[in-house]
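Student: Sharing a model that was predicted from the sequence below.
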Amino acid sequence: DTGVSQDPRHKITKRGQNVTFRCDPISEHNRLYWYRQTLGQGPEFLTYFQNEAQLEKSRLLSDRFSAERPKGSFSTLEIQRTEQGDSAMYLCASSLLGGKLFFGSGTQLSVL
Amino acid sequence: GESVGLHLPTLSVQEGDNSIINCAYSNSASDYFIWYKQESGKGPQFIIDIRSNMDKRQGQRVTVLLNKTVKHLSLQIAATQPGDSAVYFCAESGSGNTPLVFGKGTRLSVIA
C-alpha cells in the first residue's frame, strides 16, 4: 500500500503527558498537511509543509502544538502537556502542488 | 470569514435512488472545490473535484454541480448503493494551492 500512513492508529494518554504522531506521505508528494477532526465535525486545518518548509502554522491550536518535517519526507506532530480537549482524530494528508489531498486513516487521541 | 457548510446534516435514501448532497460556501474567491467521503474510523476519501471555471463535472456514478452565482455546490450520486453510506464533506480552497477548508458534513444512509 503506497498511500498515506499514520502511526499510531490509536493513542491513549494521561492529561499532562506529551504525545507525538508520525505521518508518512505518498512518496512523490511535496505537500503534507495536518488536520484535526472532532466527532461530528469536518476536518480542521492545523498546518502544512511544502517539502521541509512549514508554510502555515498560525492555525495550530496553541503553542503546545508543533510539527516538523525535517527532511521533506515524513512529518511529526507533537502535543505537549495534553489536555482533555485535545482528544480528537488527527489526520495527515499529502498532495502534489495544486493537487488533491490524499488522507491517511488518522491517529485517534484520547486524553484521560 | 471563510466558511463552508452543508444544508442538511442527514440524508436517507432508498437503495437504487439518486442522492443529492448540498453545500453552501461563503468565500466568493474560492476557485477549487472537492467532495470527500468518510467511512467510520477512516480518513476522508476523494470522490470528485471541480474548479471554478466549470459548472459541472462527472465521474463514475457521481456528478458535481457548481453554481457560483449563489455559491452552491452539490454532489449527485446515481443509483445509490449500501456502500455509499458514509459522511460526505465538501471543501474549498482559495486558489487551488491553499489548504482546504471543510464543512461539517452530511451523513448519507442508504436503506436497502
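Tutor: Done, it's in.
Student: Can you list the buried residues in the helix or strand residue B:22 falls within?
Tutor: Element membership for residue B:22 (DSSP states H and E) is strand B:19-25. For strand B:19-25, the neighbour count (16 or more other CB atoms under 10 Å in any protein chain shown) marks B:19, B:21, B:22, B:23, B:24, B:25 as buried. For the C-beta atoms, the positions are set from N, CA and C on the backbone; glycine is no exception.
Student: Give me the average confidence score over it.
Tutor: The pLDDT scores in strand B:19-25 average 94.
Student: Show the contacting residues for residue A:112.
Tutor: Residue A:112 makes contacts with A:12, A:13, A:14, A:15, A:84, as judged by CB atoms under 8 Å, 6 or more residues apart in numbering or on different chains.
Student: Repeat the analysis, applying 10 Å as the threshold.
Tutor: Each residue near residue A:112 by CB atoms under 10 Å, 6 or more residues apart in numbering or on different chains is listed here: A:12, A:13, A:14, A:15, A:17, A:82, A:84, A:87.
Student: Ok, residue A:96 next?
Tutor: A:26, A:28, A:29, A:30, A:31, A:102.
Student: contacting residues for the last one?
Tutor: The reference is to residue A:102. Residue A:102 sits in contact with A:3-4, A:25-26, A:29, A:33, A:92-96, B:43-46, where contact means CB under 10 Å, 6+ apart.
Student: and the gap between it and residue B:32?
Tutor: 15 Å (CB to CB, to the nearest Å).
Student: Following the chain onward from the element among helices and strands of chain A having the smallest mean pLDDT, which element is next?
Tutor: Between all helices and strands in chain A, the lowest mean by mean pLDDT, DSSP states H and E belongs to strand A:53-56, at a mean of 90. Using DSSP H and E, the helix or strand that follows strand A:53-56 towards the C-terminus is strand A:65-68.
Student: helices or strands up against that following strand?
Tutor: Here strand A:65-68 touches strand A:19-24, strand A:31-37, strand A:44-50, strand A:53-56, strand A:75-79, going by 3 or more CB pairs under 10 Å, 6 or more residues apart in numbering or on different chains; DSSP states H and E.
Student: re the thing from before, can you tell me which of the contacts of residue A:102 comes closest to residue B:66?
Tutor: Nearest to residue B:66 out of the contacts of residue A:102 is residue B:46 (CB to CB; 16.7 Å).
Student: How about the helix or strand encompassing the closest one and chain A, any contact?
Tutor: According to DSSP H and E, residue B:46 maps onto strand B:45-51. Yes - under the criterion of CB under 10 Å from any CB of the partner chain, chain A is reached by strand B:45-51 at B:45, B:46, B:47, B:48, B:49.
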